[in-house]
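K.L.:
no FASTA, just this:
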């Protein structure tokens, strides 16, 4: 059973570990806690000093901190542990929740009494060639809309909309069709109908190849993980 230790008592044990007097496992046994709990104490102390070892209520974080932490992680600027340490986030699971929220909705919502607003990257003008590149990158990442939006500096809603249109219509779905005839209008000639059919087949082939490549990557990851177990 875990002992109820004061912040001072936790500090003394953590300092003995830091000074090389105790191993993590021995220090955890001495404190009467699981090894993972003692490792959390070390992390809290490194982030906040002895104040980090006091029992705290759920800590709140500003929208700016949440957003910057997620952006840093998605940009590859550090591991979960490193980003948590940088922004003094007490639990890695909290950062994971913010990342999931961003990838699901393209926004990190502010916590206010009435739900608040949200941070969202603003959309920007793009060429068809840029949209094709972004969509292919999104599909290659397993449809990670949030990460792709961040990488290319567009909004979450833009990259999601383009990806869905590309999957349905191919590259033609990424054209700026404002002022043009509707996509469901009948082809004006047999030649046009043949071209449309060819483009559909090429698009289906591309999606099949993309799915095959993703399955290969997944298989490689599973093989590598099995090898290291």
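P.N.:
Now that the structure is in, tell me what you want to look at. Just so we're clear, the structure is a prediction, and the values are computed from it rather than from any experiment.

K.L.:
Check which element follows the host helix or strand of residue 147 along the chain.
P.N.:
Per DSSP states H and E: residue 147 is located in helix 145-152. On the C-terminal side of helix 145-152, the closest following helix or strand by DSSP H and E is helix 156-169.

K.L.:
Output the contacting helices and strands for the helix holding residue 147.
P.N.:
In this structure, helix 145-152 packs against helix 63-74, helix 92-105, helix 128-140, helix 156-169, with contacts taken as 3 or more Cβ pairs under 8 Å, 6 or more residues apart in numbering; DSSP states H and E. All C-beta spots, glycine's among them, are computed from the backbone N, C-alpha and C.

K.L.:
Adding mean pLDDT and mean neighbour count, write these out as TSV.
P.N.:
What follows is these, written out as TSV (pLDDT from 0 to 100; neighbours: other Cβ atoms under 10 Å):
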stretch	mean pLDDT	mean neighbour count
helix 63-74	84	18
helix 92-105	78	16
helix 128-140	91	17
helix 156-169	84	19
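
K.L.:
Compile these into TSV and extend it with columns for distance to residue 218.
P.N.:
As requested, the helices and strands packed on helix 145-152 are exported to TSV (distance: least, Cβ to Cβ, whole Å):
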stretch	distance to residue 218
helix 63-74	21
helix 92-105	18
helix 128-140	13
helix 156-169	19
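
K.L.:
And these: which comes nearest residue 30?
P.N.:
helix 92-105 (25.1 Å; Cβ to Cβ).

K.L.:
now for the helices and strands packed on helix 145-152, which one comes closest to residue 83?
P.N.:
In terms of Cβ to Cβ, the element of the helices and strands packed on helix 145-152 nearest to residue 83 is helix 63-74, at 5.0 Å.

K.L.:
Can you spell out which helices and strands pack onto the closest one?
P.N.:
By contact count (3+ Cβ pairs under 8 Å, 6+ apart), the secondary structure elements abutting helix 63-74 are helix 80-87, helix 92-105, strand 108-109, strand 118-119, helix 145-152.

K.L.:
what residues does stretch 204-211 touch?
P.N.:
If you take Cβ atoms under 8 Å, 6 or more residues apart in numbering as the criterion, stretch 204-211 is touched by 136, 139, 140, 167, 170.

K.L.:
And the chain, what are its domain boundaries?
P.N.:
What automatic domain parsing lists as the domains of the chain is 7-53, 63-119, 128-228.
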